[in-house]
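[1] Show me how the following folds:
(chains A and B)
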Protein chains: 2
Amino acid sequence: MSLHKLIQELRENNGSKIVLLVADGLGGLPMDPGGKTELESAHTPNLDDLVRDGVCGLSTPVLPGIAPGSGPGHLALFGYDPLEWRIGRGILEALGINFPVGPNDVAIRGNFCTVDASGKITDRRAGRPSTEKCIEVCAKLKSIKIPGAEIFVEPVKEHRFVLVIRAEGLGDAVNDTDPQAVGVKPLVAKGADAPSQKTADLANAFLAQAAKLLAGEQGINMATLRGFAKNPAIPTFKDIYGLNALALAVYPMYRGLARLVNMEIGDAGSTLDDQVEALTKAWNDYDFFFLHFKYTDSTGEDGNFPGKVEMIEKLDGAIPKIRALKPDVFLVTGDHSTPSKLKSHSWHPVPTILQASTCRTDRVHEFGESQCLAGGLGQFEAKYLMSMAMAHAGRLGKYGA
Amino acid sequence: MSLHKLIQELRENNGSKIVLLVADGLGGLPMDPGGKTELESAHTPNLDDLVRDGVCGLSTPVLPGIAPGSGPGHLALFGYDPLEWRIGRGILEALGINFPVGPNDVAIRGNFCTVDASGKITDRRAGRPSTEKCIEVCAKLKSIKIPGAEIFVEPVKEHRFVLVIRAEGLGDAVNDTDPQAVGVKPLVAKGADAPSQKTADLANAFLAQAAKLLAGEQGINMATLRGFAKNPAIPTFKDIYGLNALALAVYPMYRGLARLVNMEIGDAGSTLDDQVEALTKAWNDYDFFFLHFKYTDSTGEDGNFPGKVEMIEKLDGAIPKIRALKPDVFLVTGDHSTPSKLKSHSWHPVPTILQASTCRTDRVHEFGESQCLAGGLGQFEAKYLMSMAMAHAGRLGKYGA
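    Predicted coordinates for the structure are as follows:
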């Protein structure tokens, strides 16, 4: 039996409330062996209190050694096996710009490029145009009409855009048209099966019209397509847990990930304070709250160790206001580690706190990677965090008699 | 390859002996955060000695967050994946009264109820009759004969009884006839396939005759049926491990669970001392001994923290006599946690000791939940305890060359 079926079978509704606070890329590394990580360096009296009142551990987002992107990292925290539920690049790109991908849509990541007179690619990124230029070209391409389908062209950033093809019966087993090389022509889209060939035909028709519209332009005069993807037929958060969930995320990508599992999307404002205020206002209307804090990741990606420390301390400052709401279960974790030392997402396990009145408290008194090693949650797969949260919230009945 | 196939392939017989002592519901919680659990509060010099001579850890019976019933909890300890092998309610009920369910049997839990003149249920539990009354009514229903099947009606307690239908080719995909409501008639049993329809027809015939026999009675004048279940086609303990196993359990449910995997059932008397005496007498005749101690669970279910502490100390008193027999592997664990604070089974990991001369001893010196966090077994799935026991007993060869 799958974990989701088991939870569906055992779940109960008791009006309890769960808060999941995700500090993106929370886990880190010391800059030198034996030193302290960003989290261990930060002054975090409120997170330390939370650890003392709860139980902590280290979560593995996917598998040991696997560094996840934001998609798999969050799906795991939402309780979905990130190896079972894969989200195509086109879908992630569409989520990132808040495009509402529907069941008849294939989403595709587009790259503007430059081709020579013979159609061979000379620059795969069209000289990295400005985002303004990207918006301008997309506006032009929005005029493209293809019989039997709706076409959406949305700018992302610089040379990147999203193409969404909407029609009944489309497949997404279509190759990338980006040949990943210069001096050659873009590839023709081909479908691996009949529904995917339908998509490929529409994509090729789009590219032909785009080529005509952009002919003679300097810089952007052609496009390549990658990551054809339909929305995964993923069960909703409500289907699995019976929870009315509200997502409060400042960045569109994370609102998109929440929308993917059909959480409701609240107006999160633009700061952590705004998010906590929105949480407070919505407190009586939902069972589950997902709050996303981006800056622990972005400072890590920048290799800015003191900046990440500062962002962790900022996060710490928000904890008392959330605790004042008295959630039955309060989870603080990350979707992956982003050590400043590596300037990238990493595979290192993620420090995690679960606080509830039913915790078997451990002896950990400070929130940090080393300390969490001795925590009662041990080292666990992130996909089990939600089942533990449901149990501590009193929302899971007994399995078997 | 499945774990069972692997063990079958690698197993060897060397005459070594394994004792599995299950303290039901052993794991607990502190009443207040930071306090001690029942086990940590108990004075357990003998278990502490065992920990020092062995290795300890925390076992997860099913999955993180999942609180198991006794069935899944014990199957996991016997080395069966509790999500793969599910035991229906009817079977568990039959096991609980020590009814020997055979391969042609469908076991069903029955509830006596009260219906009005139109056949609508007015009391789903027939006013909770005495067990004497239940026995009396079951005796009356034993007279029911149905062509083509054998029928067994056995009392359980108050309004509960077990119905077993025995015939060739019966299925168990049959709905409950209990509508879970008053003011409506019991449902008709229907089978989801032909073999199950055969069962449903026999069940409906039984109910019709029961209604006639009980017509005009006050209180119990009808019955509903739930949890139609056949014995799972579970491989025997001997098949998997090649062990001659003896179960010594005072309570019928646990003898039933041992019988389910075809252990031999010994006369366990009525106390832990009786069980240890029976163990001593049977020592030369078996390879594996399952001893079940109930009272750590029942005191926990009662919310009786000091009572549970006392029962743990009682258990501790039995340890030296068992060690005197010099088992090659001595396991002490629980099938799940039953914290007095929660008065119910819970999902919290279960403290576990494995003692053998081949242990890589850890630095834990006392038996307790916090201490086990630092144990050499780490946090592990209960279904792996038996493979570890087999290894430490010298009963598993090398996998691969």
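[2] separation between A:Leu92 and chain B?
    The span separating A:Leu92 from chain B equals 28 Å under the rule CB to the nearest CB, to the nearest Å. Placement of C-beta: from N, CA and C, glycine included.
[3] Around that residue, how many other residues sit close by?
    A total of 21 residues lie near A:Leu92 under the criterion other CB atoms under 10 Å in any protein chain shown.
[4] Excluding covalently adjacent residues, which one is nearest to it?
    When the adjacent residues along the chain are set aside, A:Leu92 lies closest to A:Gly71, with 5.4 Å between them (CB to CB, 6 or more residues apart in numbering or on different chains).
[5] just checking, the one you found is part of a strand?
    No. A:Gly71 is assigned helix when assessed by DSSP: H, G, I helix; E, B strand; the rest coil, not a strand.
[6] how many neighbours does it have?
    Each residue near A:Gly71 was counted by other CB under 10 Å, and the total is 23.
[7] What is the burial count for the single nearest residue of the stretch 1-150 of chain A relative to chain B?
    Distances from the stretch 1-150 of chain A to chain B, computed as CB to the nearest CB, single out A:Met1 as the nearest residue at 4.9 Å. By other CB under 10 Å, the residues close to A:Met1 number 11.
[8] OK, contacts around it?
    A:Met1 sits next to B:Leu83, B:Arg86 when contact means CB atoms under 8 Å, 6 or more residues apart in numbering or on different chains.
[9] Distance of it relative to A:Asp287?
    Applying CB to CB, to the nearest Å, the value for A:Met1 to A:Asp287 is 24 Å.
[10] okay, the residue nearest to A:Leu92: pLDDT?
    We note a pLDDT of 92 for A:Gly71 in this prediction.
[11] Enumerate the residues of chain A near chain B.
    A:1, A:3, A:6, A:10, A:52-53, A:357-363, A:374-376, A:378-380, A:384, A:386-392, A:396-401 (CB under 8 Å from any CB of the partner chain).
[12] before we move on, the earlier item: what residues are up against the residue nearest to A:Leu92?
    Taking CB under 8 Å, 6+ apart as the contact definition, A:Gly71 lies against A:Pro82, A:Ile87, A:Leu92, A:Leu95, A:Leu257.
[13] Likewise for A:Ala401?
    A:Ala401 sits next to B:Gly69, B:Ser70, B:Gly71, B:Arg89, B:Leu92, B:Glu93 when contact means CB under 8 Å, 6+ apart.
[14] what secondary structure does it sit in?
    Per three-state DSSP, the local secondary structure of A:Ala401 is coil.
[15] For beta bridges, what are the partners of the residue of the stretch 201-350 of chain A found nearest chain B?
    Across the stretch 201-350 of chain A, no residue is closer to chain B than A:Val329, which sits at 10.9 Å (CB to the nearest CB). Here A:Val329 sits in beta bridges with A:Ile18, as judged by DSSP bridges.
[16] again with the one 4 residues further on
    Beta-bridge pairing of A:Thr333 under DSSP bridges involves A:Val22.
[17] got a pLDDT number for it?
    Listed pLDDT for A:Thr333 reads 98.
[18] And for it, the neighbour number?
    Using other CB under 10 Å: A:Thr333 sits among 24 other residues.
[19] what's the helix or strand for A:Ala282?
    helix A:272-282 (DSSP states H and E).
[20] Show me what that helix is packed up against.
    If contacts are counted by 3 or more CB pairs under 8 Å, 6 or more residues apart in numbering or on different chains; DSSP states H and E, helix A:272-282 sits against strand A:245-249, strand A:288-293, helix A:305-323.
[21] could you give the angle of that helix to strand A:288-293?
    Relative orientation of helix A:272-282 and strand A:288-293, computed by axes from the mean of the first three to the mean of the last three CA atoms, to 10 degrees: 170 degrees.
[22] and chain A, what are its domains?
    A:3-86+A:235-392, A:91-230 (automatic domain parsing).
[23] For B:Gly15, which of those is the nearest?
    Go through the domains of chain A one by one with CB to CB and the one that ends up closest to B:Gly15 is domain A:3-86+A:235-392, at 36.1 Å.
[24] Span of the closest one from start to end?
    Taking CA to CA, to the nearest Å, the span from the opening residue of domain A:3-86+A:235-392 to its closing residue is 17 Å.
[25] same question, stretch A:255-265
    Between the start and the finish of stretch A:255-265 there is a gap of 6 Å, counting by CA to CA.
[26] avg pLDDT for it?
    Mean per-residue pLDDT for stretch A:255-265: 92.
[27] Any stretches of the stretch 1-150 of chain A with poor pLDDT?
    Low-confidence segments of the stretch 1-150 of chain A, defined by pLDDT under 70: none present.
[28] For it, which segments are assigned as strands?
    For the stretch 1-150 of chain A, the strands defined by DSSP state E, counting those that start in this stretch cover A:18-23, A:55-60, A:105-115, A:121-123, A:150-157.
[29] What is the neighbour count of the nearest residue to A:Tyr254 once chain neighbours are set aside?
    With sequence-adjacent residues excluded and distances taken as CB to CB, 6+ apart, A:Tyr254 is closest to A:His292, at 4.2 Å. For A:His292, the neighbour count with other CB under 10 Å is 26.
[30] Kindly report the same for A:Thr299.
    Other residues within reach of A:Thr299, judged by other CB under 10 Å, total 23.
[31] Is it in a helix, a strand, or coil?
    In terms of secondary structure, A:Thr299 is helix; the call rests on three-state DSSP.
[32] just the helices in the stretch 151-300 of chain A please.
    Counting by DSSP state H, counting those that start in this stretch, the segments of the stretch 151-300 of chain A that form helices are A:194-214, A:237-241, A:252-260, A:272-282, A:295-301.
[33] Over to the residue in chain A positioned nearest to chain B. Which of the three states is it?
    Among the residues of chain A, A:Ser387 lies nearest to chain B; the distance is 3.4 Å by CB to the nearest CB. With three-state DSSP as the basis, the three-state label of A:Ser387 is helix.
[34] where does it land on pLDDT?
    Predicted confidence (pLDDT) for A:Ser387: 98.
[35] so what's it closest to, chain neighbours aside?
    Of all residues not flanking A:Ser387 in the chain, B:Gly65 sits nearest, at 3.4 Å (CB to CB, 6+ apart).
[36] check contacts around A:Glu158.
    Applying CB under 8 Å, 6+ apart as the definition, the contact partners of A:Glu158 turn out to be A:Arg125, A:Arg128, A:Pro129, A:Ser130, A:Thr131, A:Cys134.
[37] For the residues you listed, pick the one with the most neighbours.
    Within the contacts of A:Glu158, A:Cys134 tops the neighbour count with 23 neighbours, counted by other CB under 10 Å.
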